[in-house]
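> Dropping a prediction and its sequence here:
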Amino acid sequence: MTRATARFRRTASALLAMVLAGGSLAAGLVAAPPAQADSWRDKQYWLAESGITKAWEVSKGAGVKVAVIDSGVDAQHPDLKGAVVGGFDVSGSGSPDGRKSIGGKPEHATLVATMLAGRGHQPAGSTASPSPGASGPGPDGIVGVAPEAQILSVSTWLGSPNPAGKSDQDQIPEAVRWAVDNGAGVINISLGSTTPQWPQSWDAAFLYAEQKDVVIVAAAGNRVGGNVQVGAPATIPGVLTVAGLDRKGVASIDASSQGISIGVAAPAENLLGGTPGGGYAEWAGTSGAAPIVSGVAALIRSKWPDMSAKQVINRIVSTAKDAGASGKDPLYGFGVLNAEGALKDPVPEAASNPLGSISDWIRVHRRGNLAAPPVPVPATEVPSPVATLPDATVPAAEPPSQRDSALGAAVVIGFTVLFLAIIAAAVVQLRRAARNPRLAREEPDTGTLDTVDLGANG
């Protein structure tokens, strides 16, 4: 590794860590006081306002795995009982199953997961109904956007120095690959950096996800955390980047950022989620807006299991409610999330991902680093030893066909006639000039015809 490469890696790592350190402030994490059984549910305003409760009439996300690449989900939280079906640690500092809350902000992943696929729970002292028809979210606690989806917890150590020494540059691509290989149909990344560039080492992992038809959703970042502009990985082509809205449904000043890669906007203020150990907290930021959109992606993939990732993304952005400047803009992207429309409206198929393609980007921007393709050699061709090579011969051309001969003759005759005609015209012109020394010329500035007396000018 060169000094320049090492310096770049340290800088990129520091930038990512900086935004997560600021993320604790941006999230506005507030420990929630004790409340009545249904008060948490009442505070989840986004379920109705974003059309999610209407979307549940069509799908609740059953059969879809969503990977949460974050700080490690607490699978023992009452609202996540049975929701976390797998996991892995890529940091070297967490538990092997990815379910230990780690890093500079250990509660982060559980907040994200409960908003995405929380199932609620039965109040203390009560029992669940034995009737199969009564299954569904418990009446207490947090219910996620896709309450029947399954969670894969991929733990990373970000936001503070990793005791294992493994950098975020190495953790992120490994996390993406693990999620893809373990059946994730959607990947949620509520992490970000303060730079739009990403390490080249990430290319292959995001390309792999694209090739395996996985939807990746990423948070746009928060101004209060230092993200004035969208940072990587939310700038990677093909990723569905989520901006934040305030409680009034307007682009949030603090809990969002801006950039051309934003695809859609979702609620990011006055959010509520679960914390490790069975607690709850109010928070804010695009870290919470992203799982709302990831949940909708899971609803779509559950309703249409064979729908491609690009069509899932197209459904979400095509049905979004336009806001801000007309059309796509750097604050709202294609508009405000409309979950009901995404699940119910007729949407024409898109020829390509409306948010671009990492494979196309690599082809254009990394081509200088690509090795030249090998010269193809037929599989059956076996070179002979040099000593037995025959003398070189000049290949003979095929004898011309009658049609080719006729065509050649016609071409020769045509050029001969044209040549003779040019000579004849020149002779006639010279004879005329000899009889009359006045020739016409076109004035270049007026376009009119004038005469020049050759005899007078010698």
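That came through fine. Numbers count the residues shown, from 1 in each chain.

> Residue 47 against residue 143, yeah?
Yes - with contact defined as CB atoms under 8 Å, residue 47 reaches residue 143; the gap is 7.3 Å. Just so you know, the C-beta spots here come from the backbone N, C-alpha and C atoms, and that holds for glycine as well.

> For my notes, confirm residue 120 occurs in a strand.
Yes - when the secondary structure is assigned by DSSP: H, G, I helix; E, B strand; the rest coil, residue 120 falls within a strand.

> So for residue 47 and residue 143, which residue has more residues nearby?
Neighbour comparison, residue 47 and residue 143: the larger count goes to residue 143, with 27 against 20 (by other CB atoms under 10 Å).

> Residues in a beta bridge with the more buried one, which ones?
As for beta bridges, residue 143 partners with residue 119 under DSSP bridges.

> tell me the contacts of it?
Contact criterion CB atoms under 8 Å, 6 or more residues apart in numbering gives 41, 44, 47, 79, 118-120, 137 as the residues in contact with residue 143.

> from those, which single one is nearest residue 275?
Distances from residue 275 to the contacts of residue 143, taken as CB to CB, are shortest for residue 79 (10.6 Å).

> Can you tell me how far that closest one is from residue 72?
Using CB to CB, to the nearest Å, one obtains 16 Å as the distance from residue 79 to residue 72.

> Compare these two (neighbour count), which wins?
residue 72 (31 against 27).

> Quick check: the more buried one touching residue 98?
Yes - checked against CB under 8 Å, the pair residue 72 and residue 98 is within contact range at 5.8 Å.

> who touches both of those two?
The contact sets of residue 72 and residue 98 overlap at 87, 89, 153, 155 (CB under 8 Å, 6+ apart).

> Convert the C-alpha atoms of the helix or strand containing the first one to CSV, please.
It stands for residue 87. Residue 87 is part of strand 84-89 when elements are defined by DSSP states H and E. Backbone C-alpha positions of strand 84-89 (Å, rounded to 0.1, in the frame of the first residue of the first chain) are rendered in CSV as follows:
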residue,chain,number,x,y,z
VAL,A,84,-34.7,-11.2,13.5
VAL,A,85,-33.9,-14.4,11.6
GLY,A,86,-30.2,-14.1,11.0
GLY,A,87,-27.2,-11.9,11.3
PHE,A,88,-23.5,-11.5,11.1
ASP,A,89,-20.8,-9.2,12.5
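
> what does it contact?
65, 72-73, 75, 95-100, 102, 113, 150-155, 175, 178, 182.

> Narrow these to those in helices?
Restricting these to those inside helices, with DSSP state H as the criterion, leaves 113, 175, 178.

> Let me know the closest of those to residue 216.
Relative to residue 216, and with distances defined as CB to CB, the nearest of the ones in helices among the contacts of strand 84-89 is residue 175, at 11.2 Å.

> May I ask which of the ones in helices among the contacts of strand 84-89 has the most neighbours?
Compared across the ones in helices among the contacts of strand 84-89, residue 113 has the highest neighbour count, 31 neighbours, by other CB under 10 Å.

> dump the residue contacts of it.
Residues touching residue 113, when contacts are defined by CB under 8 Å, 6+ apart, comprise 68, 70, 73, 80, 83-84, 144, 151, 153, 274, 291.

> cool, residue 221 as well?
So, once contact is read as CB under 8 Å, 6+ apart, residue 221 ends up touching 19, 192-194, 227, 230-231, 234, 256-257, 286.

> Need the max-distance pair from those.
Every pair in the contacts of residue 221 was compared (CB to CB); the two farthest apart turn out to be 193 and 256, at 15.8 Å.

> ok so, going back, pLDDT of the strand holding residue 87, averaged?
What strand 84-89 shows for mean pLDDT is 98.

> Now that strand: buried residues?
By neighbour count on 16 or more other CB atoms under 10 Å, the buried set for strand 84-89 is 84, 86-89.

> That one pairs with which strands, and in what direction?
Strand 84-89 has these partner strands in its sheet, going by DSSP bridges: strand 150-155 (parallel).

> mind putting the contacts of residue 143 in a markdown table, pLDDT included?
What follows is the contacts of residue 143, written out as a markdown table (pLDDT from 0 to 100):
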| residue | pLDDT |
| --- | --- |
| 41 | 83 |
| 44 | 96 |
| 47 | 98 |
| 79 | 97 |
| 118 | 98 |
| 119 | 96 |
| 120 | 93 |
| 137 | 68 |
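
> which of these lies closest to residue 353?
Distances from those to residue 353 were compared by CB to CB; the smallest belongs to residue 47, at 27.7 Å.

> who's in contact with the closest one?
Contacts of residue 47 (CB under 8 Å, 6+ apart): 53, 143, 145.

> what about it, helix or strand, and which?
Per DSSP H and E: residue 47 is located in helix 46-49.

> where does the closest residue to residue 325 other than its chain neighbours land on pLDDT?
The spatial neighbour of residue 325 that comes closest, neighbours along the chain excluded (CB to CB, 6 or more residues apart in numbering), is residue 331 at 7.9 Å. As predicted, residue 331 sits at a pLDDT of 98.

> who touches residue 331 in this structure?
Counting by CB under 8 Å, 6+ apart, residue 331 has contacts 243, 251, 256, 258, 262, 265, 323-325.

> can you rerun that using 7 Å?
Residue 331 is in contact with 243, 251, 258, 324, counting by CB atoms under 7 Å, 6 or more residues apart in numbering.

> and if you look at residue 149?
With contacts taken as CB under 7 Å, 6+ apart, residue 149 has the following neighbours: 61, 64, 66, 117, 298.

> where does the stretch 1-150 of the chain dip in pLDDT?
Scanning the stretch 1-150 of the chain with the threshold set as pLDDT under 70 gives 1-38, 125-137.
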